[in-house]
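>>> Fold the stuff below for me.
(chains A, B, C and D)
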2 protein chains.
Amino acid sequence: MANPLPSYHHGSLREALVVAARRVVDDLGPEAVSMRALARETGVSSAAPFRHFPDRGALLDAVAEQVAQDLHARLDEVTADCDDALTQFRAMTVAYVRFASEHPALFELVHRRAIDQRGFLGALDDDRRLKLIALIYEGQNAGLLPDTDPELIALTNEALTYGLARMIVDRHPRVSGLSSEDARKLALAATHLLQSGIGLT
Amino acid sequence: MANPLPSYHHGSLREALVVAARRVVDDLGPEAVSMRALARETGVSSAAPFRHFPDRGALLDAVAEQVAQDLHARLDEVTADCDDALTQFRAMTVAYVRFASEHPALFELVHRRAIDQRGFLGALDDDRRLKLIALIYEGQNAGLLPDTDPELIALTNEALTYGLARMIVDRHPRVSGLSSEDARKLALAATHLLQSGIGLT
DNA sequence: GCTGGATGTTCGCAGTGCTCACATCGACAT
DNA sequence: ATGTCGATGTGAGCACTGCGAACATCCAGC
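Next comes the predicted model:
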């Protein structure tokens, strides 16, 4: 785990940098990430990080990607014990909002990066979206739901959860200081409200 | 408009700085704002800006405050010609989302700053919120709405509009590249969907 | 055993936020 | 009219940053 002799080559600098950067982002936000400081902390020269990342943005991208994958895995875990598709979807929503409330800066980094990296987040979001759309079709075939455009319903729901998460991340006055338990309840109540509007019970 | 003789004192440096900074934020984002560059552009020495703002953050705060006030005024204008309270509220929602889609960086700056400046944005948001709550009570008294907690309804609606705006600002894959006309339609459709869930027609 | 590519180092450039001592100016009291 | 004082601007400078280029070191495969 620890290098016994500080050899010339670090051995796993790239990994170490991502770990350190992720911690800094989580604690202080992306603006606080400094290549030089990271290098110092990792016990390496100021220029070394640039052997692994062309620039600062690339490091942040790497962090974002890792976080996105972790979040994805988390959502998978959470839905594992649900058999009902509806409760699956709700569990995902709750976990999503909860993650945002527990790691605001990481959550923001991931979505901020979606601006430039059109691709890599899309796959994860699609997962949740497709699950919801399947649900909607299911409900419509059973005659339980009105024939509103499923895409619109899905998008509206997406906006609702994303908005909830964002309000928490941005410390919006109405939700600032919510415990993650409160966040859980709010997410549930809000989606219930919307879903009752759509026709889901 | 233009200073005929470049006198020792600029005359309205503070104002000029805010204007310039606002433009930069709108075009390139807050990270691109540089005190020195602004000073250069304004034809003043690098240290001069610090006579008016203790640090960079204070300048950005000033910009954010100005933008917030403008947005507030815009929402007022938009609701001026509506007599019906419901259409008033919908007009506000649409204008809010539209502003976000037209000036993503400014919109983000305003809400990002809400993190530290607990106070100054709250008043503006409260306006919209109170208008909606009044609407809800009105509906409930008329027996048109179920007796769901009005606060919850309001918060859910807030989350929906904020989420829509945020998705656009963050170029979320599902809404990226929307024209502001499309944004208008989406905002309307989504709020309709939610409101039909609540019981508003 | 030599060599080439990956990785790390040193040095340096240009740019940044911010501070401090000093300059300049308008306003106002004497 | 003159002197002074506070608001505003200047210049030099510190500590820091991201990043580039030339050089060092080490491991792997010929």
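>>> tell me which element A:A37 is part of?
Following DSSP states H and E, one finds A:A37 within helix A:35-42.
>>> Which strands or helices does the helix or strand following that helix pack on?
Scanning forward in sequence from helix A:35-42 by DSSP H and E, the next helix or strand is helix A:56-80. Packing partners of helix A:56-80 (3 or more CB pairs under 8 Å, 6 or more residues apart in numbering or on different chains; DSSP states H and E): helix A:13-28, helix A:35-42, helix A:85-102, helix A:104-113, helix A:118-141. All C-beta atoms are positioned from the backbone trio N, CA, C, and that covers glycine.
>>> Return the helix or strand in chain A with minimum mean pLDDT.
Least confident element among the helices and strands of chain A, by mean pLDDT, DSSP states H and E: helix A:118-141 (a mean of 73).
>>> just to revisit the earlier point, show residues contacting the helix holding A:A37.
Helix A:35-42 is contacted from outside by A:10, A:13, A:16-17, A:20-21, A:24, A:45-50, A:56, A:59, using CB atoms under 8 Å, 6 or more residues apart in numbering or on different chains.
>>> Please check those and keep the buried ones.
The neighbour-count test (16 or more other CB atoms under 10 Å in any protein chain shown) marks A:H10, A:L13, A:A16, A:L17, A:A20, A:A21, A:V24, A:A48, A:P49, A:R56, A:L59 as buried among those.
>>> Of those residues, which is the nearest to DNA strand D?
Proximity of the buried ones among the contacts of helix A:35-42 to DNA strand D (CB to the nearest atom of the strand) peaks at A:R56, which lies at 3.6 Å.
>>> Who are the contact partners of the closest one?
Counted by CB under 8 Å, 6+ apart, A:R56 has contacts A:V33, A:M35.
>>> rerun that using 7 Å as the cut-off
Neighbour list for A:R56: A:M35 [criterion: CB atoms under 7 Å, 6 or more residues apart in numbering or on different chains].
>>> Please report how far it lies from B:A32.
14 Å (CB to CB, to the nearest Å).
>>> How about the residues of chain A by DNA strand C?
When proximity is defined as CB under 7 Å from any atom of the strand, chain A approaches DNA strand C at A:8-11, A:13, A:39, A:44-48, A:51-52.
>>> got those as CSV, with distance to DNA strand D columns?
Output for the residues of chain A next to DNA strand C, formatted as CSV (distance: CB to the nearest atom of the strand, whole Å):
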residue, distance to DNA strand D
A:Y8, 4
A:H9, 6
A:H10, 11
A:G11, 9
A:L13, 13
A:A39, 8
A:V44, 12
A:S45, 8
A:S46, 5
A:A47, 4
A:A48, 9
A:R51, 9
A:H52, 11
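>>> Could you work out the most separated pair of the residues you listed?
A:G11 and A:S46 (18.7 Å; CB to CB).
>>> Let's verify A:R166: helix, strand, or coil?
helix (DSSP: H, G, I helix; E, B strand; the rest coil).
>>> ok, and the closest non-adjacent residue to it?
B:R166 (4.6 Å; CB to CB, 6 or more residues apart in numbering or on different chains).
>>> Surely the one you found is in contact with A:L164?
No - the criterion here is CB atoms under 7 Å, and B:R166 misses it with A:L164 at 10.4 Å.
>>> Could you check how far A:D127 is from A:A183?
Taken as CB to CB, the span from A:D127 to A:A183 is 21 Å.
>>> okay, the two: which has more neighbours?
A:A183 (22 against 15; other CB atoms under 10 Å in any protein chain shown).
>>> so how far is A:E102 from that one?
9 Å.
>>> Repeat that for A:Y162.
The spacing between A:Y162 and A:E102, counted by CB to CB, is 16 Å.
>>> out of these two, which sits in the more crowded spot?
Using other CB under 10 Å, the more surrounded residue of A:Y162 and A:E102 is A:Y162, with 25 against 13.
>>> What score does the more buried one have for pLDDT?
pLDDT for A:Y162: 92.
>>> these two touch, right, it and B:R166?
Yes - using CB under 7 Å, A:Y162 makes contact with B:R166 at a distance of 6.2 Å.
>>> Without its sequence neighbours, what residue ends up closest to A:Q140?
A:D147 (6.3 Å).
>>> Could you dump the residues of chain A next to DNA strand C into JSON lines and include pLDDT?
Below are these laid out as JSON lines (pLDDT from 0 to 100):
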{"residue": "A:Y8", "pLDDT": "66"}
{"residue": "A:H9", "pLDDT": "70"}
{"residue": "A:H10", "pLDDT": "72"}
{"residue": "A:G11", "pLDDT": "78"}
{"residue": "A:L13", "pLDDT": "94"}
{"residue": "A:A39", "pLDDT": "97"}
{"residue": "A:V44", "pLDDT": "95"}
{"residue": "A:S45", "pLDDT": "96"}
{"residue": "A:S46", "pLDDT": "97"}
{"residue": "A:A47", "pLDDT": "96"}
{"residue": "A:A48", "pLDDT": "96"}
{"residue": "A:R51", "pLDDT": "96"}
{"residue": "A:H52", "pLDDT": "96"}
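>>> pLDDT below threshold where in chain A?
A:1-6, A:8, A:113-125, A:144-146, A:195-201 (pLDDT under 70).
>>> Now do the same contact list for the spatially closest residue to A:V67 that is not a sequence neighbour.
Spatial nearest neighbour of A:V67, chain neighbours left out: A:L106 (4.9 Å); criterion: CB to CB, 6+ apart. When contacts are counted by CB under 7 Å, 6+ apart, A:L106 touches A:V25, A:D26, A:V67.
>>> what's the closest of these to A:V175?
Closest to A:V175, out of all of these and judged by CB to CB, is A:D26, at 20.1 Å.
>>> I'd assumed A:F107 was in contact with the closest one.
No - using CB under 7 Å as the test, A:D26 is too far from A:F107 to be in contact (9.9 Å).
>>> and chain A, which residues reach DNA strand D?
A:7-9, A:33-37, A:46-47, A:50, A:54-57.
>>> Can you say which of the residues you listed are buried?
A:V33, A:M35, A:R56.
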